[in-house]
Every structure is written in structure tokens, then in C-alpha cells.
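Q: sequence and predicted structure below; questions after.
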Amino acid sequence: MAPSVSDTVPSVTDAIADLKLTATKQDNGPSYPFYYPYYDPEEKFPPTQVYEHTDPGAKADRAKPHLLTPETNVSHISPFIGTEISGVQISQLSEDGLNELALYAAERKVLIFRNQDFKDIGPDRQIEIAKHFGRIQRHPTSGNVKGYPEFHVVYRGSEHDRLKEVIPDERINRTQWHSDVSYEKQPAGTTFFFILDQPEVGGDTLFGSQVEAYNRLSPEFKKRLEGLRAVHSAFEQAESSRRRGGIVRREPILTEHPLVRRHPVTGEKALYVNQGFTRRIVGYKTEESEYLLRFLFDHIAKGSDFQIRARYKPGTVVVWDNRVTVHSATGDFNPGDRRHAVRLTPQAEVPTDV
């Protein structure tokens, strides 16, 4: 989730990473110490290359018989976004079931799976499932897991709170709407986020539909957005990490994407700008770009009637389509509480508006 609020003390990560994988409670530490965020200052990644991506949702049966079985319980949260699901295990889905999962995530934008065993199936199986949806992005600045750079670890506990450094107290609130790693040439698609420890109250994730945000605009305004491209930047994220003594595993990039993108499977159009990474509109003068982006960011942030709040329980796995959504962490819980989660971020196609 972007900019990372995870953190660790580098001198202790080696020891913690060697601890057992299974859930445990020792000295009030994390329940799953294997996933404690790991930072190796010597770990470097080369520039990310474009690869050919085919969305697995394109191969799915529209009826989704392998995902939505008679035992599956489904409850829609909003007409536009969000569905809570129980009675099916992601870890047990066949290839057909995973294809249907990709399609359903694109259609409903956010899927909240309850009572999952996903956190206990081990890192290799977790990565194997996520790779079905695309090449997994290796994050340039966040904590990962020793030996498993595919994991993006989100960690906040009493021993450290980097949220204040990422989003300082000078701001009235700490929400920051974004689509994960939109600065990549091939940004995130179907994304997995599984919770390990959560506060009793708070620590939810806000999600918004970028499809509905686009649909709310007038036909004339939509015409003016067609063909526009925006610059998405990884530089601020890298510079923030360096300022606080963190690491940068891959040098930051600037990438242009269409302001409105089309989903390759559903055909839906969605706004593709976000406060976290979108910096300017190509071809516009500074004041023009700032004016239009400010309006779009404000429109997205105020769209409470096309947003949901995902709440976490033990065993929750959230699967969402980053191409058609934005989200924000909520730092509203007691600083003494622990919030520990892991993201797997498959990269999808190069965004297109056709």
C-alpha cells in the first residue's frame, strides 16, 4: 500500500526472520515473526522490464461455478464496490477458480474473504497463488521477508511508528488515497493483502471505485479527459525512505499513464490518477495541471457513496483490483497496538485507454 508505513530495526531483523513461521505469542511480539519486516541495505533490484501479461480473468467462466459454489456466502457492501465472502478457501481454488477470482475482483473491485487459512499455508504457496495473476512486484523501499522479496510487509507497533514520518502530524488527517505502485510501467492488478495482527478497533482500509468516480463525471467533462496522460512518480517515495535512513533497492522512475484507463476484461473505464503518486498532466502548464488534478483528487476523496471501509478480523484476506480502485490506510488506532499485514502485488498490463 503506498507510501509504506512499515518499519523495522535492521540490527534485529536477521534473528527475527529465523523464528518459526507458525503463530505464536512471545514477549507480546508479533504473532507471525517470520513476516517481520526485513531490510537489507545491500539488496538491490535492476530496473523493471516490461513483460507480456494476460489477465486470467479473461479465461474465467462468467458464472464463476468454482468460486461461487453453493457453500459460498456472499454479501455486497455497496452497489458499486465491495463484497464480503465466506465459505470458500482461496488456498483451495483450482486454476479455474483463480481465474474466476480475477474476474470477480475486477467486477466488484474489492473482495473481503473471511476465515481464510492463507496466512498459514507458507510463503512458497502464497507466492505461487499470487503469481497466477502476474509477475509479483518487488517493492523498492518497504520491508520484505528475508529470502522472499515478493512480500511487502506493513507493520506498526509500539516499538516504532513510521506513519508519522510518512504522513506528518502537520496534516489534519492521515488518509492518502492511492493505487499501489502506479509509477510502474506495468502497475498492480489483482492484489492480495492478508492480516496477521490487528488492533481491536481501527486500522481499517478505505477503498473507492475509480470506475464510479469516472461515471459520475458529465459527458462533456469526460470528453476533455480523453487522450490526456499523467506522470506518476516513484521519486518522492524513494527520497522519503532515504531521509529517514531507509533503503532504496531500485532507483525511482517517472512513468506516463492515461488519465482514464480501460479494464482489459470488463471493458470499464476508470480514472487513473491518485494523490499518492500522480504528479502532473502531460502538456499542461503547472497551474493548469494542479487545478485539474486538485479537482480530481477532491472528487475521489469526497465520494463517500462509492467508497467502503474494509474491517479486518483474524483470517481476513482482501483481494482487490488496483486498476479500478484507490485505497487509503487509516492510522486511527492506539499507537500501542500492533497492526501487521502482508501484501502480494502482481503487476498487470501496461495501462491503455482503448
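A: Good, I have the coordinates. Numbers count the residues shown, from 1 in each chain.
Q: for this structure, what spans make up the helices?
A: Along the chain, the stretches classed as helices by DSSP state H are 10-17, 95-108, 123-131, 163-166, 210-215, 219-225, 235-243, 286-301.
Q: how distant is stretch 54-73 from the center of its chain?
A: How far stretch 54-73 lies from its chain's middle: 22 Å, per CA atoms, centre = their mean, to the nearest Å.
Q: I'd like the mean pLDDT over that stretch, please.
A: Here stretch 54-73 scores 98 as its mean pLDDT.
Q: now stretch 254-261
A: 98.
Q: tell me which residues of that stretch come out buried.
A: Buried residues in stretch 254-261, counting neighbours by 16 or more other CB atoms under 10 Å, are found at 255, 257-261. For every residue, glycine as well, the C-beta is placed using N, CA and C.
Q: any idea which of the residues you listed is closest to Gln92?
A: Arg261 (32.5 Å; CB to CB).
Q: got the contact list for Ser91?
A: Contacts for Ser91 (CB atoms under 8 Å, 6 or more residues apart in numbering) come out as 116-118, 121, 125, 129.
Q: ok, now with 6 Å
A: 117-118, 121 (CB atoms under 6 Å, 6 or more residues apart in numbering).
Q: where does the chain dip in pLDDT?
A: 1-27, 159-169 (pLDDT under 70).
Q: try it again at 90.
A: Applying pLDDT under 90 to the chain picks out residues 1-29, 157-175, 244, 331-336, 354.
Q: hmm, back to that, top of the contacts of Ser91 by neighbour count?
A: Taking other CB atoms under 10 Å as the neighbour criterion, Phe118 ranks highest of those with 21 neighbours.
Q: quick one: it from Phe333, how far?
A: The spacing between Phe118 and Phe333, counted by CB to CB, to the nearest Å, is 23 Å.
Q: tell me which two of the buried residues of stretch 254-261 sit farthest apart.
A: The most distant members of those, if one measures by CB to CB, are Thr255 and Val260, lying 16.1 Å apart.
Q: Asp337: which of the contacts of Ser91 is nearest?
A: Using CB to CB, the contacts of Ser91 come closest to Asp337 at Phe118, 22.3 Å.
Q: from Pro37, how far out is that closest one?
A: Counting by CB to CB, the gap from Phe118 to Pro37 is 19 Å.
Q: one more: Val273?
A: 29 Å.
Q: and what of Leu93?
A: 28 Å.
Q: Ile121 too?
A: Ile121 is 20 Å from Pro37, by CB to CB.
Q: any idea how far the residue lying closest to Glu200 once chain neighbours are set aside is from Arg311?
A: With CB to CB, 6 or more residues apart in numbering as the criterion, Glu200 has its nearest non-adjacent residue at 7.3 Å, and that residue is Asp337. From Asp337 over to Arg311 the distance is 15 Å, taken as CB to CB.
Q: cool, and Glu288?
A: For Glu288, the distance to Arg311 - CB to CB - is 40 Å.
Q: cool, Leu254 as well?
A: Taking CB to CB, one finds Leu254 at 36 Å from Arg311.
Q: before we move on, the earlier item: wait, the residue nearest to Glu200 touches Pro199, no?
A: Yes: assessed by CB atoms under 6 Å, Asp337 is found in contact with Pro199 at 3.8 Å.
Q: beta partners for Ile308?
A: Each beta-bridge partner of Ile308 is listed here: Phe207, as defined by DSSP bridges.
Q: pull the contacting residues for it.
A: 77-78, 81-82, 207.
Q: run a quick neighbour tally on Ala341.
A: 27.
Q: so who does it touch?
A: When contacts are counted by CB under 6 Å, 6+ apart, Ala341 touches 154, 195.
Q: same question for Ile85.
A: 74, 111, 113.
Q: do you have the strands of the stretch 201-350 of the chain handy? List them.
A: Per DSSP state E, counting those that start in this stretch, the stretch 201-350 of the chain carries strands over the ranges 205-209, 229-233, 254-258, 260-262, 269-271, 278-281, 307-310, 317-321, 325-329, 339-344.
Q: how far off centre is the last one?
A: The one in question is strand 339-344. 10 Å.
Q: next, the buried residues of stretch 173-190.
A: 174-190.
Q: and the end-to-end length of that stretch?
A: 28 Å (CA to CA, to the nearest Å).
Q: so Ala213 sits against Ile300, correct?
A: Yes: look at Ala213 against Ile300 with CB under 6 Å: they come within range, at 5.2 Å.
Q: who has more neighbours, those two?
A: It is Ala213, of Ala213 and Ile300, that has more neighbours when counted by other CB under 10 Å, with 24 against 21.
Q: follow-up on the earlier one: out of the helices of the chain, nearest to Glu150?
A: That would be, of these and by CB to CB, helix 123-131, which comes in at 5.3 Å.
Q: mind listing what's buried in that closest one?
A: 123, 126, 129-130.
Q: including distance to Gly245, could those go into JSON lines?
A: Below are these laid out as JSON lines (distance: CB to CB, whole Å):
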{"residue": "Pro123", "distance to Gly245": "27"}
{"residue": "Gln126", "distance to Gly245": "29"}
{"residue": "Ile129", "distance to Gly245": "34"}
{"residue": "Ala130", "distance to Gly245": "30"}
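Q: nearest to Gly29, of those?
A: Pro123 (18.9 Å).
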